[in-house]
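> I would like to see how this sequence folds:
(chains A and B)
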Amino acid sequence: MKIFGKKKSTAQVLTIEPSKNSGSMATKQVRYEALVKALHSDLYRYAYWLTHDKQVSEDLVQETFLRAWRALDSLKDEKAAKSWLITILRRENARRFERKRFDMSEYEEETVMDTQSTSTEQVIENQWLRDKIAQLPPEYSEPLVLQVLGGYSGDDIANMLNLNKNTVMTRLFRARNQLKDALEKEPEKMKFFHEL
Amino acid sequence: MTESNTPINKMDDLQFRRSIYADPSSLDEDIIAAQDADPAKKQLAHDLRLFDEKLKQAMNVPVPDDLCDKLLLRQTLASHQQEKRKSRVHLALAASVAIIAGLVVNYLQFSSTYTNLGDYALAHVYHEDFHNDDSNRVNLTTLNNKMTTFNASFTDSLGELISADYCRFDGMKSLHLVFQGLTDTVAVFVIPKEDHLTFTDKFSDSKLQGESIGFKDTDIIVVADKNESIASWQRNIKDKISWSNN
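Okay, the predicted model is just below:
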């Protein structure tokens, strides 16, 4: 199972803390490559839960990193790199919505596939949960992804989403509450969650 | 258990539920204390943390293997494009500079820097880096061949002619004759009449003096040092020149 490596990523990025001459092309290249390697998975997954579409997620991540490259000199604190990238990605996603509000495809269930080496039961369970997460209203799923996947605190999420903390906590509560409700409506699924 | 505790506990339950649902891994002291005090709460928190593990597992969708390479490649291409754009800008700049330089040279070469014949004639003589070490002298036939351009010829030699060459006299095709004078060379310019240079009869500076005679379509200017009698040169020219079309 892949562990969402926040701490590891941060440490990796920290080792390439910009030197005094962060403007030099070579240094910039090194910083950029480290950022891509450390954070592209996180960014992709975040994009995926934002868009529910693999191809769109890839495009979004590409666009995000391209913008990041152009603005790399403005990133002073490497520890903030991930939230900085997420902010760029959210902005890009909003742009995408403005551009193609009309040909936005509906959430397609077949795009969600699991190729991870997990047991059959886990595959079914993951699949079921992914569907349920995808069905959450975006204003609930977004903070949930940031908290569970990104490991961000309520304060961090409030900052990133430009919301106050109480709103974020309420949405997180509702997100889990809805998922639990869904779980209780399908008693045969309960089995998986209580067996473990 | 006192009655007053019940409503507070109930509110605590609700608050706890909201808080633990919002953040199952909360390290808030009150939340942890509440869990320690109530096994049911502890169990709920535990269940939710397990549930979060499930969620995390589900959210960890597979990342395309080649995404990282794609991102690095795309950036390399993008900055290459940027470099190309930059070099195109440089090329354009260089081209502009070259064009402007060309225009300036053209302007300097063909434009009228001098407003009258005299000034220009003086400048021309000073500019001429003339080497009087050539023993070949120009004979009258050769001179008259060149004079045909101006529809004129000389009936007799004017003196020792060191050189006779076409030159650009302020952008006009002219004949520049250099004679041996008393102490130095004497320059004679045969130039077509032009409007943009004011005809100056006599002119001089600290070293040289000069005089122009205007003919019908042509001006003849004599420039020499102060030892020379310009007037006699002029007379000599007037006497010996003949125009073929008048």
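> any idea which element residue 98 lies in?
Let's take chain A. Using DSSP states H and E, A:Glu98 falls within helix A:81-99.
> try chain B instead
For B:Ala98, the element it lies in under DSSP H and E is helix B:67-110.
> B:Ile237 touches B:Ile220, doesn't it?
Yes. Shown here, B:Ile237 and B:Ile220 form a contact pair, counting by CB atoms under 8 Å, at 5.9 Å. To be clear about C-beta, it is placed using only N, CA and C from the backbone, and glycine gets the same treatment.
> can you list residues touching both of these two?
When contacts are counted by CB atoms under 8 Å, 6 or more residues apart in numbering or on different chains, the set common to B:Ile237 and B:Ile220 consists of B:Val188, B:Ile213.
> between the two, who's got more neighbours?
Set B:Ile237 next to B:Ile220 and count neighbours by other CB atoms under 10 Å in any protein chain shown: B:Ile220 wins out with 22 against 18.
> quick one, grab the pLDDT at that one.
In this model, B:Ile220 is scored at 87, pLDDT.
> part of a strand, is it?
Yes. Under DSSP: H, G, I helix; E, B strand; the rest coil, B:Ile220 falls within a strand.
> dig out what it forms beta bridges with.
Assessed by DSSP bridges, B:Ile220 has beta-bridge partners B:Val190, B:Ile213.
> list the contacts of it.
Contact analysis of B:Ile220 by CB under 8 Å, 6+ apart lists B:Val188, B:Phe189, B:Val190, B:Ile191, B:Ser212, B:Ile213, B:Ile237, B:Ile241.
> only whichever of these are buried, select them in PyMOL.
Applying 16 or more other CB atoms under 10 Å in any protein chain shown to the contacts of B:Ile220, the buried members can be selected in PyMOL as follows:
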select buried, chain B and resi 188+189+190+191+212+213+237+241
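> would JSON lines of the contacts of B:Ile220 with pLDDT be doable?
Below are those laid out as JSON lines (pLDDT from 0 to 100):
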{"residue": "B:Val188", "pLDDT": "88"}
{"residue": "B:Phe189", "pLDDT": "86"}
{"residue": "B:Val190", "pLDDT": "87"}
{"residue": "B:Ile191", "pLDDT": "85"}
{"residue": "B:Ser212", "pLDDT": "84"}
{"residue": "B:Ile213", "pLDDT": "83"}
{"residue": "B:Ile237", "pLDDT": "86"}
{"residue": "B:Ile241", "pLDDT": "87"}
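> closest one of the contacts of B:Ile220 to A:Leu144?
The nearest member of these to A:Leu144, counting by CB to CB, is B:Ile191 at 93.5 Å.
> on that earlier part again, between the contacts of B:Ile220, which is closest to B:Met147?
Nearest to B:Met147 among the contacts of B:Ile220: B:Val190, at 7.0 Å, using CB to CB.
> that closest one contacts B:Ser174, doesn't it?
Yes. B:Val190 is in contact with B:Ser174 according to CB under 8 Å; the separation is 6.1 Å.
> which residues of chain A fall in helices?
For chain A, the helices defined by DSSP state H cover A:6-14, A:25-51, A:54-70, A:81-99, A:120-135, A:138-148, A:154-161, A:165-185, A:187-195.
> between the third one and helix A:81-99, how many degrees?
It stands for helix A:54-70. Helix A:54-70 runs at 120 degrees relative to helix A:81-99, counting by axes from the mean of the first three to the mean of the last three CA atoms, to 10 degrees.
> report the angle between helix A:54-70 and helix B:67-110.
Here helix A:54-70 runs at an angle of 50 degrees relative to helix B:67-110 (the same axes, to 10 degrees).
> possible to save the helices of chain A as CSV with mean neighbour count?
Below are the helices of chain A laid out as CSV (neighbours: other CB atoms under 10 Å in any protein chain shown):
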stretch, mean neighbour count
helix A:6-14, 15
helix A:25-51, 20
helix A:54-70, 20
helix A:81-99, 17
helix A:120-135, 17
helix A:138-148, 22
helix A:154-161, 18
helix A:165-185, 18
helix A:187-195, 11
